[in-house]
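Undergrad: only geometry, no sequence info:
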């Protein structure tokens, strides 16, 4: 279907929607032009670029707009008589109440009608009967004008001044969803504490196996603390029948070991921002990637045991396997990945020879090797076989890519496929001087001062790295790095590849550069700009590290 | 293993070898430097580039050098008493003789010892007892100094002057291997007649299905004319047992239809040569790719029926499926591709609803969708289950890639993996003016003169195309093309995707540019130089077409 048409019709029909959309609609024409034909390279059009960046934040189209849902309140009056409400009354409208209220700032909202439409699902019930501000600090996706506008539709009154302290609603008395989060290793490079988003320290990125406590952490919510004894995994079959397994029952299936690399789709987002324009999301360096050995049972074995036959006629419509985590995170993968004898999708209970750490999904997580880590759902509670993908925001919104000219205000979210397999990637993890000496002469035949460059390379889909090209002079000349041996086995290559190269120091220019090639001969592009996407996903342009300042971040 | 070490040790040990190698050894040091650190972009170092180009032709290392074979004749004397030999005597040393001779120019050679080492295999027997020049015209790989040097080792004398006509050996009396080649469609863009290498005409490249007679032809040798009645396919099992199938027997297995695109690894090589330096091989434009619907039987079904169980313990060592064509062409694919329920590897007997045309493998060919077309062996005669890849030159040499700095004189052929899956690709097939009018306004909302750009996009590995970005101004601005609907079905996407875009003419710069993105979010790089490989395989940089001169080639 033609995207131009789509955008134009979207512009008109959007008039239906309240405030934010009217705003959007008014700047539709210029918006269409600027996003369709934004200029490259960015420095030729800095203002335009920043404008576009800003537009994303303020004018993202409400998620339900594309789901074709026309909420009941759309025609509801947006004005109400200000009414004073005591907090004691708010507390009565919690999850057990028929009418559910929340407080934001000093205002009270009745969101009963909204709850079934909530993209984040049931987790919203944690907030009802109290103050929602804390939760919005956590669920950063709410910090958008579009969401504020949705909430305004449900305004029913103000908090009674008698309950205000220094003119504000006291935040205490609200359950802290992060109270069970574990302690974390001090060497992790923390971006956010709650939820925990932290990179592996660069020192371990050139080791084949990442120590579990230094494995990067990417939590979308809190880290649930689950009791292995009472733990149950529920599998929902196409006919609705449910089969539950205890941890002990699962461990009775054949145990499989897979060494796999997990990478956040935001890995190296910082480089996209630096090389192009601001890309939305955490500004990860090169450490949103780690590699470990995992032990678990084959998902296909469990599905078969639960009674699912992927080849059966009745199941011809089943295309996706949906995963639900205990903290409300959800995602899905294509059925063929789950059923393929070469897919190696596991339900994992051990990491690097130990039970899974809490941050990595104890007692059970999914491992979808070769796919973006966002599909390897942690604290796995439920598996469903479905005709469609998971409807979670993490499948429908957060992990998608668009063109360099597109912004959140003019994309068709539904038409963009959710990221599954990831493209070829590489990074330099260290640049070290080697003063000339015997060893250098013997091993490399180099009788001069040299530089040792090390790093990692990785590709999704089980495609092994076949070549790593390194340039000591900003890409003017190249040579091939040594691909280091490791213990990764199997017909598919799920693990990253460490590499190393020694080059004469006299050849060093301003920047060292790396690019890798995978088994499918996919390559990495030179610059970021033509590959920019406003979500900053899958940054894959050459990694450049200045010879002077060695910081690979 | 470290490539620098490898090259250095290679340099020393190569001294063993005769003429060419001595030459090579003498210029080893400078060679190492220049190939390791060749400059980019090329215009900064044109001579160097051409020198490197030439070096490939004169100094390629003999194939057997890397196979660790030390031929018997290596120590043999390189000088012999010139002896006069009658052609009648030469003819006595044909394929039925114990000693086998060939004539090249006016010299006679006894190649008996060499035959078992011949990379092209048994086909060499067609030439023995006669003049080999004709064959070398066909097997262009022989036209290299390294090969001349190998042959010189077997020199036994000169052709008796009494048999010379105008001082040359008469070429007649030699069987023409191309006598059975079929007639071809006049619209094909022919690069070579014998063997036939011809592109699809650009007019059909924007149609989803390529008419069979306009499907590009890439023959490595002649096109055998096989009798379907007497035709037999032989399957060699790991234990050496052989099972043969007639065409009728094969057709009794479940029939499967797959619409798949086949692409030569040399497609767009011309663009790499133009954008960088001369890349060895036929200078294909954008037409070494076509798409058709194929009907056949599953390879996995036939292997199972023949008695091969890929999961059996005894077969754990089996990693490859080798294919042998009737004309001597051979190649192999990884076993997992052959056995995967999602691999769709077929033994094909129909193309676009008709029996296979002779040029495309009548009566039976392999279809390995998502892999480079060189693995879809035509005129299939034999399938072997093996621990290693096919040892043919087409698996071991011709279809491999190397770094931009590397040349045939310093690469480790054995260490480079043979091309199987291919990377994301796209091309512009037409750029057309659209004078402003009603239709343009209604469909695209454009009330001005516009330009319609069309083309194709394709990725290997069954990865569908998810986005095509088109720039009207050399990549300064981008927009998304419309991906056209088609009938390709199945969980994997084996067919290419046609695309179309209409842009306001005022936006047109010097060049239109296209780049595509596949399901794994692999992208195409902007320029050719950093991705140059001397074999000119898998050219994948953005395709640029000048707005003025519309020729997409």
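TA: In hand now; what should we look at? On a predicted model such as this, the values are computed, not experimentally measured, just so you know.
Undergrad: Quickly list the domain ranges of chain A.
TA: Here the domain assignment for chain A is A:2-74, A:84-163, based on automatic domain parsing.
Undergrad: By mean pLDDT, show me the worst of those domains.
TA: In terms of average pLDDT, domain A:2-74 trails the rest of those, at a mean of 32.
Undergrad: so where's chain A shaky on pLDDT?
TA: A:1-81, A:116-117, A:119-122, A:138-141, A:172-175, A:550, A:553 (pLDDT under 70).
Undergrad: could you redo the last one with a cut-off of 50?
TA: For chain A, residues meeting the criterion pLDDT under 50 lie at A:1-78.
Undergrad: got the residues of the stretch 251-400 of chain A near chain B?
TA: Proximity of the stretch 251-400 of chain A to chain B, by Cβ under 8 Å from any Cβ of the partner chain, involves residues A:334, A:336, A:339-342. Every residue, glycine included, has its C-beta placed from N, CA and C.
Undergrad: Would you format those as JSON lines with distance to residue B:101, secondary structure and neighbour count included?
TA: Output for these, formatted as JSON lines (distance: Cβ to Cβ, whole Å; DSSP: H, G, I helix; E, B strand; the rest coil; neighbours: other Cβ atoms under 10 Å in any protein chain shown):
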{"residue": "A:334", "distance to residue B:101": "60", "secondary structure": "strand", "neighbour count": "21"}
{"residue": "A:336", "distance to residue B:101": "56", "secondary structure": "helix", "neighbour count": "18"}
{"residue": "A:339", "distance to residue B:101": "58", "secondary structure": "helix", "neighbour count": "22"}
{"residue": "A:340", "distance to residue B:101": "54", "secondary structure": "coil", "neighbour count": "20"}
{"residue": "A:341", "distance to residue B:101": "52", "secondary structure": "coil", "neighbour count": "15"}
{"residue": "A:342", "distance to residue B:101": "50", "secondary structure": "coil", "neighbour count": "17"}
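Undergrad: Just the closest of those residues to residue B:256, please.
TA: Nearest to residue B:256, judged by Cβ to Cβ, of these is residue A:336 at 16.3 Å.
Undergrad: so that closest one sits right up against residue B:491, yeah?
TA: Yes. Between residue A:336 and residue B:491 a contact is recorded at 5.0 Å, counting by Cβ atoms under 8 Å.
Undergrad: which residues do these two both contact?
TA: residue B:342 (Cβ atoms under 8 Å, 6 or more residues apart in numbering or on different chains).
Undergrad: burial measure for residue A:89, as a count.
TA: 16 (other Cβ atoms under 10 Å in any protein chain shown).
Undergrad: what's the answer for residue A:240, then?
TA: Applying other Cβ under 10 Å, I find that residue A:240 has 7 neighbouring residues.
Undergrad: Which strand or helix spans it?
TA: Counting by DSSP states H and E, no helix or strand carries residue A:240.
Undergrad: so who does the residue nearest to residue A:334 when sequence neighbours are not counted touch?
TA: With Cβ to Cβ, 6 or more residues apart in numbering or on different chains as the criterion, residue A:334 has its nearest non-adjacent residue at 6.2 Å, and that residue is residue A:320. By Cβ under 8 Å, 6+ apart, the residues touching residue A:320 are A:332-335, A:385-390.
Undergrad: how close does residue A:300 sit to residue B:486?
TA: According to Cβ to Cβ, to the nearest Å, residue A:300 stands 31 Å off from residue B:486.
Undergrad: So between those two, which is more surrounded?
TA: When residue A:300 and residue B:486 are compared for neighbours, residue A:300 comes out ahead with 19 against 15, by other Cβ under 10 Å.
Undergrad: Tell me who's in contact with the more buried one.
TA: Residue A:300 touches A:338-341, A:343, A:345, counting by Cβ under 8 Å, 6+ apart.
Undergrad: just to revisit the earlier point, tell me what the residue nearest to residue A:334 is bridged to.
TA: Applying DSSP bridges to residue A:320 gives these bridge partners: residue A:334, residue A:386.
Undergrad: Quick check: it vs residue A:296, distance?
TA: 21 Å.
Undergrad: Backbone dihedrals for residue A:247, both of them.
TA: For residue A:247, the backbone dihedrals (degrees, to the nearest 10) come out as phi -60, psi -40.
Undergrad: Can you give me the neighbour number for it?
TA: Using other Cβ under 10 Å, residue A:247 has 18 neighbouring residues.
Undergrad: That one and residue A:347 touch, don't they?
TA: No. If you go by Cβ under 8 Å, residue A:247 and residue A:347 don't touch, sitting 10.1 Å apart.
Undergrad: and the residue nearest to residue A:115 when sequence neighbours are not counted, what is it in contact with?
TA: Excluding the flanking residues, the one nearest residue A:115 by Cβ to Cβ, 6+ apart is residue A:124, at 5.9 Å. Residues in contact with residue A:124, defined by Cβ under 8 Å, 6+ apart, are A:111, A:115, A:118.
Undergrad: The first one: what's it in contact with?
TA: For residue A:111, the contacting residues are A:100-102, A:124, A:128, A:151, A:154, by Cβ under 8 Å, 6+ apart.
Undergrad: quick one: which of those residues is nearest residue B:469?
TA: Of all the contacts of residue A:111, residue A:151 has the smallest distance to residue B:469: 36.5 Å, by Cβ to Cβ.
Undergrad: where's that closest one, which helix or strand?
TA: Residue-wise, residue A:151 maps onto helix A:145-152 under DSSP H and E.
Undergrad: Buried residues in that helix, which are they?
TA: Within helix A:145-152, the residues that count as buried by 16 or more other Cβ atoms under 10 Å in any protein chain shown are A:146-147, A:149-152.
Undergrad: From the residues you listed, pick the one nearest chain B.
TA: Nearest to chain B out of the buried residues of helix A:145-152 is residue A:146 (Cβ to the nearest Cβ; 23.2 Å).
Undergrad: and the gap between the residue in the stretch 151-300 of chain A that chain B sits nearest to and residue A:189?
TA: For the stretch 151-300 of chain A and chain B, the shortest gap (Cβ to the nearest Cβ) falls at residue A:265, measuring 8.9 Å. According to Cβ to Cβ, residue A:265 and residue A:189 sit 18 Å apart.
Undergrad: quick one: which of those two has more around it?
TA: residue A:265 (24 against 16).
Undergrad: hang on, that one packs against residue A:374?
TA: Yes. Counting by Cβ under 8 Å, residue A:265 does reach residue A:374; the two are 6.3 Å apart.
Undergrad: which neighbours do the two share?
TA: A:399, A:419.
Undergrad: Now secondary structure too, for the contacts of residue A:111, in a markdown table please.
TA: Output for the contacts of residue A:111, formatted as a markdown table (DSSP: H, G, I helix; E, B strand; the rest coil):
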| residue | secondary structure |
| --- | --- |
| A:100 | coil |
| A:101 | strand |
| A:102 | strand |
| A:124 | helix |
| A:128 | coil |
| A:151 | helix |
| A:154 | coil |
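Undergrad: Among these, which one lies nearest to chain B?
TA: residue A:124 (31.6 Å).
Undergrad: How is residue A:90 assigned, secondary-structure-wise?
TA: Relying on three-state DSSP, one would call residue A:90 helix.
Undergrad: Now for it, how many residues are close by?
TA: Residue A:90 has 23 nearby residues by other Cβ under 10 Å.
Undergrad: what's the burial count for the nearest residue to it once chain neighbours are set aside?
TA: Of all residues beyond its chain neighbours, the one nearest residue A:90 is residue A:101 (5.3 Å), with distances taken as Cβ to Cβ, 6+ apart. When neighbours are defined as other Cβ under 10 Å, residue A:101 has 25 of them.
Undergrad: For residue A:101, list each beta-bridge partner.
TA: Beta-bridge partners of residue A:101, as defined by DSSP bridges: residue A:110.
Undergrad: Return the residues in contact with the closest residue to chain B within the stretch 351-500 of chain A.
TA: In the stretch 351-500 of chain A, the residue that lies nearest chain B is residue A:421 (4.0 Å; Cβ to the nearest Cβ). Contact analysis of residue A:421 by Cβ under 8 Å, 6+ apart lists A:370-372, A:460-461, B:463, B:519-521.
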